[in-house]
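Participant: sequence and predicted structure, then a few things I'm wondering about:
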Amino acid sequence: MQLLLRQITYDSSGLPEYADSELTRDNIVIGRSQKSDIQLLDKGVAAEHARLTKSGDKLRLVAAKGQSFIINSKIQKQAELKPGDEIRIGAQTFICTEAPTGFDLALEWQFVEMPEGALSDAYRTSVSQLGFSPRIASWVLFVLVLLVGLLPLLSDIWQADKPAVQAANELANDNMAFHKLWLSGPLLSAHELTTGNNCTACHQTPFVQVKDNACQQCHVALGDHVMPAEHPAEIAEWVAALDEFACQNCHKEHNEPASLVARNEGLCLDCHQQMKPSVKGFSQDAHPEFALSLLRPDVTRQNGLLAIDWQLEKLRPQASDGHESRISAVKETSHLKFPHDTHLDGEAVKHARRGDALQCADCHTLSSDREHFEPTSMETSCASCHDLGFDPRTPQKQLPHGAPEEVYDALEAHFVKLAFSPDTLVGFERRRIPGRTFTEEDCDQDYACAKQQALRETGRQFSQRGCVTCHEVSEQENAEGSERWEVLPVKINHDWYADARFDHQSHLAQWDQSGDAVCSSCHSATTSAESSDILMPNIAQCVDCHDGRAQAGRVALTCISCHAYHRHSAIEGTEGIGALMQGAIHDQP
Amino acid sequence: MNLHQSILEYRKGRYGWWALLLILAAIVLFASHSDFQPPNGGTWQGYVLGSIGLALIVWLTALGIVKRRYGKSNVQAWTSAHVYLGASLLIVVSLHSALQIGLNVHSLAYVLMCVVIFSGFIGLYFYRRYPHLMARNRRNQSQRQLFSELNDLNQKGRALAKRCHPNLASAVDTAIDRTAIGGGFLDQLLGRDGSTVVLIEEDIKGGIQRKPVSNRDQQAIIDYVAKCIPRARKQGEAANIQSLLEVVCRRQTVTRQLRQDIKFNARLKVWLWVHVPFTIALLAALAIHILSVFYYW
């Protein structure tokens, strides 16, 4: 539409002045904003107050939403314009006149000067005028944060309405997405798996700390730290205090995985530095000498038969008289004769197959727990050199090992057979062997002769060569025949430091030595002539490399590097699991 | 006595020393974590640090109430302490959290707190800097006086323009009408100028071109008026345009001052739009944080 706008102002002498302008627009916007086609700087005028439109021949003035204008003294929201109409918007007055040719509308604008202060009102000069309310924003954020934060609880309520047919696990997993918002840290993956992401598996009562019984649902085989019976009455107080010591005190979940196990020694030393022997850390002075677990045989005779009761005796490092027990002063009684020095001397003993000196590993095989060694046995370790032949004529014939009562039977069978089928060895038996007491006159019949031979050979095996080379043999003067000798059963200590952990595997890798030299650095086997020598290292060897505190040139050890807090009482049929579990902590960084 | 004393220098920064002591105490407490448990919000040190943080947040929030009790409390002291202790909160709470950040309500509270504190730092920077700049910019005039002068200049300009060539008159009219001051959020905050002017120019063929062009900083209209001086034909017209040029140049100065003033005012207010709503959100997050920690203890 074409609009002719005539602005009428009056000069100082009161004469009117006209300023014409033409506007060609589809819609002519009247308002306060500087984007309007007709700008009215007036507080009572909206940024976009009204709009002139043309439809067909009709010209309409339409007020914006919530606005109005006065036309011919009437307040209107919209009106059709005709010549002679007087329009008032704010302080300004427009009069419609006959439009000249070429125009759709002519407006005479009786221009009124803006009142003082109106100009600043025409602009938005402060951020407070932008319609943003910090108060509303605060409330919106407040409610938003509350909703998000309470989602875990709200979802619980929501889930409670769900049909019960839905599996509990599924519910827990659904909820977990929200509950993760409340997690203060990651859950150990094993715990995540076993609890099925269900917070209430451990957090059984709201606002109550997790109780031990939540842990013990799964950790059933955990032994107590102290056995009250083992300790004197004076520490009964501590034992009682430990009973109330919650799992949570040491094992903090939802934390870095490293902190799930308390490893600082302070926790242990709190009690143990006041105990006897006192422990203040790990060094020669701070830590007592290691306590040996020594096997002692209690040999008795019952109804003429040997009975051995093996007692495990723990040698406390400091005896009550104040003298330190020294490993060198203690002797092992295993009933085995074995000189380590001879066997490790390449000149004296050579490997049956290789032909060179024996090595530690030829007899000692590390078990899978990396601490202990597989038991050595006659068959695997000794037999390659020490055969049980007894008659040079029949070297293939061997005495049975591990069954001393059968030795005589085997010998008797051998000699009787020789006596009744002498073809193979005619004349041999008749020959005198120098130094032997055996004479032909001793036996006049083949059978009796063979029996005597068997008896004599049995005696030689048990008392001069054969069995007695390695075994302790008990001889009963008054007993007859094969019952005269008995081999004392062998039991070799398998676990010298039963309450401690040690990883042989990691200690076998040393930068400056290898092979047997590594073993010898702790176990002085090359100089041990007696099997009763105890070749276990003591604390002096450990502190060469280790210390309780991290410092240069030392590898730090804390209490739980070697000791376990929980005594693992093995469930029936799972012996050995305890040992494996004991190693578990050690494997962690 | 110094009439304008910064809240930072209040009583020689007394609360700064308080805050420093608090930070040192928090660090000592944090360092007392044994290797038994790594630092964490759940150790006893963590609980103590968390309680200090909670007390600080509640107290800091109370400034909003205190400053509305006009005359009843020493707002300057409160604000000084608010700034220093608020800054120390950042250290205390970071130590409480041991910087364990995750996608959870606990970190939400921490992040909201950081937003509040850093918006506070921005506000502090503005309040340190802008009052001086504003006073210098307005040259001892108020915004109201500046608008009044602009109003006078507008009227004078329109009156002078009427006596000139209609094209020039129309250009000056539209320049005055389409002068933008303030405006939307970014316009106010950045002092952007969206002014335009409709210039009427004859093209080569003698036709008339109405071109709305940017009148940023009123430069377009000044150039246009200045170009009209040598084209003046009628007697006295040149002098008239000369006066008009003075008016539009003065308008440039005044609109500049106004725009700067609005910009500074906006900045002094806008940081609170972040500071206050996020404080309220922080209170909600804090409540959730405490609830969730002890609900699943």
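Facilitator: Great, that's in hand. Quantities reported herein were computed from a predicted structural model and do not represent experimental measurements.

Participant: chain A contacts on the stretch 51-200 of chain B?
Facilitator: B:100, B:102-106, B:108, B:112, B:143-144, B:147-148, B:150-151, B:154-155, B:162, B:169-170, B:173, B:177-185, B:188-189, B:195-196 (C-beta under 8 Å from any C-beta of the partner chain). In short, each C-beta sits where N, CA and C put it, glycine included.

Participant: are any of the residues you listed buried, and which?
Facilitator: B:100, B:104-106, B:108, B:112, B:143, B:147-148, B:150-151, B:154, B:162, B:169-170, B:173, B:177-183, B:188, B:195-196 (16 or more other C-beta atoms under 10 Å in any protein chain shown).

Participant: any idea which helix or strand carries residue A:313?
Facilitator: strand A:305-315 (DSSP states H and E).

Participant: what average pLDDT does that strand get?
Facilitator: Computed over strand A:305-315, the mean pLDDT rounds to 80.

Participant: from the buried ones among the residues of the stretch 51-200 of chain B next to chain A, which ones fall inside strands?
Facilitator: residue B:196 (DSSP state E).

Participant: what about the buried ones among the residues of the stretch 51-200 of chain B next to chain A, which are in helices?
Facilitator: B:105-106, B:108, B:112, B:143, B:147-148, B:150-151, B:154, B:162, B:169-170, B:173, B:177, B:188 (DSSP state H).

Participant: closest to residue A:92 out of those?
Facilitator: residue B:177 (13.5 Å; C-beta to C-beta).

Participant: not counting sequence-adjacent ones, nearest residue to the closest one?
Facilitator: The shortest distance from residue B:177 to any non-neighbouring residue, by C-beta to C-beta, 6 or more residues apart in numbering or on different chains, is to residue A:39 (4.5 Å).

Participant: and the one you found, how many neighbours does it have?
Facilitator: Using other C-beta atoms under 10 Å in any protein chain shown, residue A:39 is surrounded by 20 other residues.

Participant: what does the one 3 residues further on give?
Facilitator: Look at residue A:42: counted by other C-beta under 10 Å, it has 21 neighbours.

Participant: so it sits in a helix?
Facilitator: No - counting by DSSP: H, G, I helix; E, B strand; the rest coil, residue A:42 is not part of a helix but coil.

Participant: how near is it to residue B:173?
Facilitator: 17 Å (C-beta to C-beta, to the nearest Å).

Participant: now swap in residue A:218 and tell me
Facilitator: 87 Å.

Participant: ok, residue A:222 next?
Facilitator: Using C-beta to C-beta, residue A:222 is found at 93 Å from residue B:173.

Participant: quick one: which two of the ones in helices among the buried ones among the residues of the stretch 51-200 of chain B next to chain A are the most distant?
Facilitator: B:106 and B:162 (69.6 Å).

Participant: in chain B, what residue lies closest to chain A?
Facilitator: Nearest residue of chain B to chain A: residue B:288, at 3.1 Å (C-beta to the nearest C-beta).

Participant: so how many other residues sit close to that residue?
Facilitator: 26.

Participant: can you tell me which residues contact it?
Facilitator: Contacts for residue B:288 were tallied using C-beta atoms under 8 Å, 6 or more residues apart in numbering or on different chains; they are A:145, A:146, A:149, A:150, B:105, B:108, B:109.
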